[in-house]
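**Q** what would the 3D arrangement of this be:
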Amino acid sequence: MRRDIGVIGLLFASVGSIIGSGWLFGALTAAQLTGPSAILSWFIAAVMMMLIGLVFAELGTMFPLSGGVVRFPHLAFGSFASYTTGWILWVAVATTAPIEVEGALQYATKYAPFTAAHQSGGETVHTLTGLGYLVAVLGMAFFVVVNYFGVRWFARINTVAVWWKLAIILIAIIAFLVTSFHGENFSDHGFATNGMHGIFTAIATGGIVFSYLGFRQGIELAGESRNPRRNIPIAVIGSLLLTAVLYIGLQVAFIGAVRPQDLASSHGWAQLDFTDAFGPLAAIATLIGIGWLAKLLYIDAIISPADTGLIYTTVTARVSYAMGRNGNAPRSLASTTRRGVPLTSLLVSFVVGLIVFLPFPSWQQLVGFVTSATVLSFGAGILTLGALRRELPDRERPFRLALGPVVPFLAFYSSNLIVYWAGWDVNWKLFLAIALGFVLLPIFHATAKGEKTPLDLRAGATWTLPWLGGLALISWLGSYPDPHKGNTGTIGFGWGFVAVFVLTAVVFWLATVVRLPRDRVEAHVAETERESQDEEAALGSAGAA
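**A** Numbers count the residues shown, from 1 in each chain. Next comes the predicted model:
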């Protein structure tokens, strides 16, 4: 890997990944689920993601590794835990670039028939047409080509795109607030239209957490940053703070900009729809008479998701690369070109992206799945921090969290709650995908060439299987997903929080007890340090040549 990304490049990799298709659809989707209280959903989600981000900021500065979210669990728990994390994360990121392409094409349908609207499960969804699929394939191919020329080209293109995206969001917020702001919208049809249940459902399935997930790119690309110990905390914390302010401001502006007559005709927030305009923000801009903003939004609806799709193509390849380096996936995934590009991993992500377009019909129906999978993958990394504080208490920590285990515990609780709030309708697909990963693991292990990496089942499976199994059971018995259907579940609303808390505490304790012994942890750390030194030496030789 080449260390070509500076502090702005790493910060903008996170910001650019956060600002994708989520901001184009999230304001409407969240408002439909919970009304004006969506403002609270954005704030609560920002706090929860900041807790998770702070944990990874400490880990990332200790071990600046490409694909760090996957590689951290390997240090403390071994191969089984890192494989489980890597598989879950890979499933999530491999489906994100296709989502972004679909989001862009839904807006672009204003100009050509890239998508077709129809009803699915009582909601309007937009599926790709033949023309749309062709353009989607070309878009995915473009992401691979840019990545092939190396991370420096990626960072340059992304930096320009992020400046554009920041400007467009600010312009949209100001234009909505100045042109059309109806204060009565915050109360006339109810504030929290589905109570606290709706507020939490919007966090998980309304595109809110989905819109924040990109903060982790500052971790995934850490091994390609020139000064990771300084740059990682700036990228992770800075990106979350900046985008939280923008998203909350946009939600306020959106709620105020909706015309009261549109709310009245749709009988409140739940049925508010702008299907005929192909995109809610552009529709609002057109209805309130600022057509120039609508045109800018249609342009941005291509640039923002495309840039985020580019980033996720980069990150998907780094996750595959990390799994190959850990020894629990084919070693060929860890091979790189002379430009430091994991080409095999890039090609795999391209092929998988094309397949994803087929079974998943729309942006709306993929958001909850990706949110649950990504947040679930953070769990093992969070537990890694707790384990390493006991095994390596004297290890240098350029960025160290205060309050001992409190922040990691709250971060783990937050990640489990977000998965729970997504509901069983989403989560059964995720746990089925995880089960498929467990089927593939012995195949990878049996067919691996050379020395086989030990699975470390005691250190990994002892807490991983109860965690995933317990979360699946609570989700199945819980009161989610849909407040509109009056689903109370076997576990009521308040008891769901208690059940997830108990599971979090038990798994947190178990992971701490069964972690790898210190000599194994130190051996894994020494191995990663040797890899980093070898890469630095290779880059130095290449530079001299």
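**Q** so what does the host helix or strand of Phe25 touch, helix or strand wise?
**A** Assigned by DSSP states H and E, Phe25 belongs to helix 22-34. Packing partners of helix 22-34 (3 or more Cβ pairs under 8 Å, 6 or more residues apart in numbering; DSSP states H and E): helix 38-62, helix 79-108, helix 195-205, helix 208-212, helix 228-257, helix 280-287, helix 291-326, helix 363-391. For the C-beta atoms, the positions are set from N, CA and C on the backbone; glycine is no exception.
**Q** Phe438 is nearest to which of these?
**A** Of all the helices and strands packed on helix 22-34, it is helix 79-108 that lies closest to Phe438, at 7.9 Å by Cβ to Cβ.
**Q** go through that closest one and flag the buried ones.
**A** For helix 79-108, the neighbour count (16 or more other Cβ atoms under 10 Å) marks 79-108 as buried.
**Q** count of neighbours near Ile248?
**A** 18 (other Cβ atoms under 10 Å).
**Q** does it touch Ser41 like I think?
**A** No: Ile248 is beyond contact range of Ser41, at 9.7 Å (criterion: Cβ atoms under 8 Å).
**Q** next, the angle helix 228-257 makes with the helix holding Phe25.
**A** 50 degrees (axes from the mean of the first three to the mean of the last three Cα atoms, to 10 degrees).
**Q** C-alpha coordinates for helix 22-34, CSV please?
**A** Presented in CSV, the C-alpha positions along helix 22-34 are these (Å, rounded to 0.1, in the frame of the first residue of the first chain):
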residue,chain,number,x,y,z
GLY,A,22,-28.4,9.2,2.2
TRP,A,23,-28.8,13.0,2.4
LEU,A,24,-30.9,13.0,-0.8
PHE,A,25,-33.5,10.6,0.5
GLY,A,26,-33.0,10.5,4.3
ALA,A,27,-34.9,13.7,5.2
LEU,A,28,-38.1,12.5,3.6
THR,A,29,-37.8,8.9,4.7
ALA,A,30,-37.1,9.8,8.3
ALA,A,31,-40.0,12.3,8.3
GLN,A,32,-42.4,9.7,7.0
LEU,A,33,-41.4,7.4,9.9
THR,A,34,-41.5,9.8,12.8
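**Q** starting at the chain centroid, how far to it?
**A** 17 Å (Cα atoms, centre = their mean, to the nearest Å).
**Q** how about the residue sitting nearest the centre point of the chain, what does it touch?
**A** Closest residue to the average C-alpha location of the chain: Leu213 at 3.2 Å, with Cα atoms, centre = their mean. Neighbouring residues of Leu213 by Cβ atoms under 8 Å, 6 or more residues apart in numbering: Ser17, Ile18, Met49, Val370, Thr371, Thr374, Val375.
**Q** what's the distance between it and Ile418?
**A** 10 Å (Cβ to Cβ, to the nearest Å).
**Q** tell me, what's touching those two both at once?
**A** With Cβ under 8 Å, 6+ apart, Leu213 and Ile418 have common neighbours Thr371, Val375.
**Q** and the helices and strands packed on helix 22-34, which is most packed in?
**A** Of all the helices and strands packed on helix 22-34, helix 208-212 has the most neighbours on average by mean count of other Cβ atoms under 10 Å, namely a mean of 31.
**Q** contacts for it next, please.
**A** 18-20, 22-23, 26, 30, 38, 41-42, 45-46, 48-49, 202-203, 240, 243-244, 247, 367, 370-371, 375, 418.
**Q** can I get it in CSV? Just the C-alpha atoms.
**A** Taking C-alpha atoms only, helix 208-212 is exported to CSV below (Å, rounded to 0.1, in the frame of the first residue of the first chain):
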residue,chain,number,x,y,z
ILE,A,208,-30.0,8.1,9.2
VAL,A,209,-27.3,5.8,10.5
PHE,A,210,-26.7,4.8,6.9
SER,A,211,-25.9,8.4,6.2
TYR,A,212,-23.3,8.5,9.0
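**Q** thanks a lot, see you next time.
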